[in-house]
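Undergrad: Pasted the sequence and its predicted model underneath.
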Amino acid sequence: MPIYTRVMRKSWIRNLMQPRTAILLGVLGLCQPALSQEVSAALLQPAAMQPAAFTPTPALTTVQPAPLPEAPSHRFWDRENTFLFATTAALNGADFVVTRDNLRGGGQELNPVTRVFSGSTPMLAMNFAGETAGVVALSYFFHKTGHHKLERFVSLTNIGSSAGAVTFDLIHR
């Protein structure tokens, strides 16, 4: 057997064993029952295709929509948001200090967005201050639109990401 055929057969088998192939086959397998539920137009009787006769009801009643309960509201600068924003600012400050020290020691910035600003200390500080201001602004937007869970989630996500970055930078010094 020529080498080319052997190599081709191995790569074909290797590609078949990839996880993405299993996912594709699973999705296609789930689509099969939906396709089997189609009704053929030839099976429908001509009488079944006629529109139904309209019979007006003698007493039509109107239904009034029930008012939705209002979402619990709070002040934007309540105790929980103040704590979340202070924690966000503190962890972004810690991330700035650790990132600056690593860059001075010959390390490199892994975040492609922050890497643009890592050329100088003032630009790096501006990046982390802008990140903190962006978190507060996005939280305020969600607060004004009534999405109070998302309002808190923005701060929590940034806190988790900054804590992870600080931890990573401290471990890889």
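TA: All right, it came through fine. Residues are numbered from 1 along each chain as shown.

Undergrad: mind checking which helix or strand residue 21 is in?
TA: Using DSSP states H and E, residue 21 falls within helix 19-35.

Undergrad: What average pLDDT does that helix get?
TA: The predicted model assigns helix 19-35 a mean pLDDT of 69.

Undergrad: Same check on stretch 105-125?
TA: 91.

Undergrad: which outside residues touch that stretch?
TA: 96, 99-100, 103, 126-127, 165, 172-173 (Cβ atoms under 8 Å, 6 or more residues apart in numbering). Using the backbone N, CA and C atoms, a C-beta is placed for each residue, glycine as well.

Undergrad: Start and end of that stretch, how far apart?
TA: In stretch 105-125, first residue to last residue: 17 Å (Cα to Cα, to the nearest Å).

Undergrad: before we move on, the earlier item: just send the contacts of stretch 105-125 back as a markdown table, with secondary structure, distance to residue 80 and neighbour count too.
TA: A markdown table is the format used below for those (DSSP: H, G, I helix; E, B strand; the rest coil; distance: Cβ to Cβ, whole Å; neighbours: other Cβ atoms under 10 Å):
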| residue | secondary structure | distance to residue 80 | neighbour count |
| --- | --- | --- | --- |
| 96 | helix | 25 | 22 |
| 99 | helix | 28 | 22 |
| 100 | helix | 30 | 16 |
| 103 | helix | 34 | 17 |
| 126 | helix | 28 | 13 |
| 127 | helix | 26 | 21 |
| 165 | helix | 23 | 19 |
| 172 | coil | 33 | 9 |
| 173 | coil | 34 | 9 |
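
Undergrad: could you dump those residues to CSV with distance to residue 29?
TA: Output for the contacts of stretch 105-125, formatted as CSV (distance: Cβ to Cβ, whole Å):
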residue, distance to residue 29
96, 50
99, 47
100, 53
103, 50
126, 52
127, 47
165, 41
172, 43
173, 49
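
Undergrad: can you count the residues close to the nearest residue to residue 136 once chain neighbours are set aside?
TA: Nearest residue to residue 136, sequence neighbours excluded (Cβ to Cβ, 6 or more residues apart in numbering): residue 85, at 5.8 Å. Neighbourhood size, residue 85 [other Cβ atoms under 10 Å]: 18.

Undergrad: Next up, the contacts around residue 85.
TA: Contacts of residue 85 by Cβ under 8 Å, 6+ apart are 132, 135-136, 139, 155.

Undergrad: just curious, which of those residues is nearest to residue 90?
TA: Nearest to residue 90, judged by Cβ to Cβ, of those is residue 132 at 9.6 Å.
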